[in-house]
Structure formats: C-alpha cells, structure tokens
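Q: curious how this folds, go ahead:
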Amino acid sequence: MLKKIPKWNVVLLTTLLAEIIIFGLINPRFWNINILLNSFNDFVGIAIIAFFVTFVIITGGIDISGGSIIGLTSVVTGLLAQVYGLNIWVAALLAVLVGGLCGLLNGILIAYSKVQAMVITLGGMLLYSGIALVLVGFSGASTYEGISGFSQEFINLANGNLLGIPHSVIVFVVMLLIAYVLLHWTRYGRYIYLTGINQNSAEYSGINTRKIITSTYVLSGLSAGIAGIILTSYLGSSRADFGAEYLMPILTAVVLGGTLITGGKGGVVGTALASIIIGFLKLGLQMGGVQTQYIGLATGMLLIISVAFMGGQKFKLNVRRLLNLKKDRGGNLNA
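A: Residues are numbered from 1 along each chain as shown. Below you'll find the predicted structure:
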C-alpha cells in the first residue's frame, strides 16, 4: 500500500507533520484543532484554483490570471445581487460561469493561436482586473469599500459549519475529490498527461490536444470563479482586488506539490498537501509573532526551493546521460 504512494507526497506529509510539531512547540495554541480547521478559510481559495492549475501545468501550460478572475467574479456577484436585485445564488452561479468564460478565452487563444500561455494569461490578468474595476464603478461603491450587504445565508457559505466541521474544509475536500477523479480516474485525465508528455505524439494517437488544453483553462477559470464566491462570502463584500496576492501561493502550491513546470508529471494530492503546508506556514508564523510583511518571504522561498529541487533532479539526470555518452564514445570520462 505504501509503495503506491508517490515518494514526494511522503516528503510533503512528513514536512506537514514537522510543521505542526514545530509551530505547536513555539505556540501550543497551534495544536488546537478548531484553530487549524478554521484556518482553511485563509487558503481554501488558493487550493481550489491550484487543483485545476495543476491540470494546466501538466499539459505544459501556465495560468497566472486566476487571481484577477477571483476579483472579477466577486464583483459580478455583488453587482448582480446587490445592485440589480438578482437572487444571490443565481448571481453566484452566473459569476462562476463568467470565470469559466474567462478560462475559455484563455484556452482558445493558447490552443489555437499557438501564442505562449504566459503571454496570454498575463494579458488576461490585466484584462479581467480592469473589467472588474470598471464594473465596480457601475455599482456606485468605492473601489476600496466594495459592494457589501450580503444576506447571512450567503455569508454562512464560507463561515458556517456542518457537524462542527467548517464549510471551508468541506469545500476543500469536495473540490479535491472532483479534481482527483477527473485527473486520475478518467480517460480525460490520461489525455491531459499524454498531452503534457508529448503533444505531437498525442495528436498522432488521435487525441484532440487543442480541446484538451482549452478544457484545462476552462476548469481553471471555473475554479477561480468558485474561489471568488467563497472569498466574497468569507469577507462579506465584493472587491475587484480580491485574489490580487494569490498568484505566488497558487504556483507555489502546484510546484511544491510535485508538478513539473515543464509538464507531463504531477498530481492533485501533492497540490493539496502543499496548499495545507503553505496555509499552516502562514498561520504558524503569525502565531509565532512574525510580522505580516515578512510572511510573504517564506512563500517565495518555498517556491524557489521547490522549483530548484524539482529542476535539480532533471539536471542530475542530464549530467548522468552526458557522462554515459562520454563513456560510450571513449571508454572513459576524459575521452
């Protein structure tokens, strides 16, 4: 059973347990299970998007527009529900669909125009945040205050609990299960991996890689829309700048989770563990008395270390291949 668990996931699980022990020794309140469970509200949005950005990166792409889509869907929810009087749940559903449309636009441009994913999603990031700012102006509310006045029923979506378990934890688990089933138990998931390993070979084997690539960006956009709804419910207002600081934590969760930035390898379980590690790291540093402005440094270091480590293994493999090639040609390393 243990042999089937990827080694990197074991490393992540060990890191998570060490994190809990160390921060608990610094501040025993960290071991309070209620505090740990309620802290999911602070990073559940990051995790939700990271699950499906994992799909994108496995195909060899990248999506950096998720944070802007969060702000856009948050504003759309507030505008439709609070300004135009639409039912809050209908407004939330439409806002999630807006997120999916943003992802569809990204995916079509990337898959069919062959423009680099970084360029397209960077443009999307600027476009969607700009649209969100324009829409806030239609509400009559200031950009800094946002749109507020949501019903308690909607507020409870993120702040409530079921049988003592916070809704944020339930949302985290449900989205993880959906992502896991799609990626690891379906033919669609196999096509994602094959596209990332070698797109040309996947095309020759009959896989419509353009549709696969586009669909991953749609899922990424939908997940950002869901994250926007959760964040709006949690904070009780709609603002265009929601999600503005999510880019680095999302990428860190995906890469730290074991997904190769070059595509072809990865999994959502690793992403889930990495998301919890990042969330607990921030919580532990805060409870340890570290000032807020320094906490971002820890996330940045995690990203650099994880990229260096994952890339370092590939570097070692290339060195071994080079040495073996020299041996084959000259019989010794000095040939």
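
Q: hey, let's count contacts and neighbours off CA atoms from now on
A: OK.

Q: can you give me the buried ones in the helix or strand hosting V181?
A: If you go by DSSP states H and E, V181 is part of helix 167-184. For helix 167-184, burial by neighbour count (16 or more other Cα atoms under 10 Å) applies to 167-172, 175-176, 179-180, 182-183.

Q: what's the farthest-apart pair in those?
A: When Cα to Cα is used, the two most widely separated members of the buried residues of helix 167-184 are H167 and L183, lying 24.1 Å apart.

Q: W31 touches G24, doesn't it?
A: Yes: when contacts are counted by Cα atoms under 8 Å, W31 is listed as touching G24 (5.5 Å).

Q: between those two, tell me which one has more neighbours.
A: G24 (17 against 14; other Cα atoms under 10 Å).

Q: can you verify the more buried one is assigned to a strand?
A: No: under DSSP: H, G, I helix; E, B strand; the rest coil, G24 falls outside any strand and is assigned helix.

Q: wait, it sits on L36?
A: No: contact criterion Cα under 8 Å: G24 and L36 do not qualify, at 11.0 Å.

Q: S220 versus the residue nearest in space to the middle of the chain, what's the distance?
A: The residue lying closest to the centre of the chain (Cα atoms, centre = their mean) is A50, at 1.6 Å. Counting by Cα to Cα, to the nearest Å, the gap from A50 to S220 is 8 Å.

Q: where in the stretch 151-300 of the chain is pLDDT low?
A: 291-296, 298-299 (pLDDT under 70).

Q: residues near I70, how many?
A: Neighbours of I70 (other Cα under 10 Å): 39.

Q: tell me which helix or strand it sits in.
A: helix 66-78.

Q: which strands or helices does that helix pack on?
A: The contact analysis (3 or more Cα pairs under 8 Å, 6 or more residues apart in numbering; DSSP states H and E) places helix 66-78 against helix 88-113, helix 117-139, strand 147-148, helix 209-235, strand 237-238.

Q: between those, which one is nearest to V75?
A: Per Cα to Cα, nearest to V75 of those: strand 237-238, 5.1 Å.

Q: one step back: shared neighbours of G24 and L36, which are they?
A: F30 (Cα atoms under 8 Å, 6 or more residues apart in numbering).

Q: hmm, back to that, could you point out which element follows the helix holding V181?
A: By DSSP H and E, the next helix or strand past helix 167-184 is helix 187-197.

Q: can you give me the buried ones in that next one?
A: Buried residues in helix 187-197 (16+ other Cα under 10 Å): 188-189, 191-197.

Q: tell me which residues are up against that helix.
A: Under Cα under 8 Å, 6+ apart, the answer for helix 187-197 is 55, 58-60, 182-184, 202, 207, 209, 212-213, 263-265.

Q: list buried residues within the residues you listed.
A: 55, 58-60, 182-183, 202, 207, 209, 212-213, 263-265.

Q: show me which of those residues is closest to I147.
A: F55 (32.7 Å).

Q: and the closest one, what pLDDT?
A: At F55, the predicted lDDT confidence score is 94.

Q: verify the contact between F23 and G284 for me.
A: Yes: using Cα under 8 Å, F23 is in contact with G284, at 5.5 Å.

Q: and the two? Which one has more around it.
A: G284 (23 against 20).

Q: element containing the more buried one, please.
A: With DSSP H and E as the test, G284 turns up in helix 268-287.

Q: tell me which other helices or strands that helix touches.
A: helix 7-26, helix 44-58, helix 167-184, helix 247-256, helix 292-330.

Q: give the buried residues for that helix.
A: Here helix 268-287 shows 268-285, 287 as buried, counting by 16+ other Cα under 10 Å.

Q: send the alpha carbons of it over as CSV?
A: As requested, the backbone C-alpha atoms of helix 268-287 are provided in CSV (Å, rounded to 0.1, in the frame of the first residue of the first chain):
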residue,chain,number,x,y,z
VAL,A,268,-3.6,17.0,-7.1
VAL,A,269,-2.9,15.1,-3.9
GLY,A,270,0.5,16.7,-3.8
THR,A,271,-1.0,20.1,-4.6
ALA,A,272,-3.5,19.6,-1.7
LEU,A,273,-0.7,18.8,0.8
ALA,A,274,1.4,21.7,-0.5
SER,A,275,-1.6,24.0,-0.1
ILE,A,276,-2.1,23.0,3.6
ILE,A,277,1.7,23.4,4.2
ILE,A,278,1.5,26.9,2.8
GLY,A,279,-1.6,27.7,4.8
PHE,A,280,-0.3,26.3,8.1
LEU,A,281,3.1,28.0,7.5
LYS,A,282,1.4,31.4,7.4
LEU,A,283,-0.7,30.6,10.4
GLY,A,284,2.3,29.3,12.4
LEU,A,285,4.4,32.4,11.6
GLN,A,286,1.6,34.7,12.6
MET,A,287,1.1,32.9,15.9
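
Q: identify all contacting residues around it.
A: 8-9, 12-13, 15-16, 19-20, 23, 27, 30, 36, 39-40, 42-43, 46-47, 50-51, 54, 176, 179-180, 183, 249, 252-259, 292, 295, 299.

Q: can you state the direction angle for it and helix 247-256?
A: In terms of direction (axes from the mean of the first three to the mean of the last three Cα atoms, to 10 degrees), helix 268-287 departs from helix 247-256 by 130 degrees.
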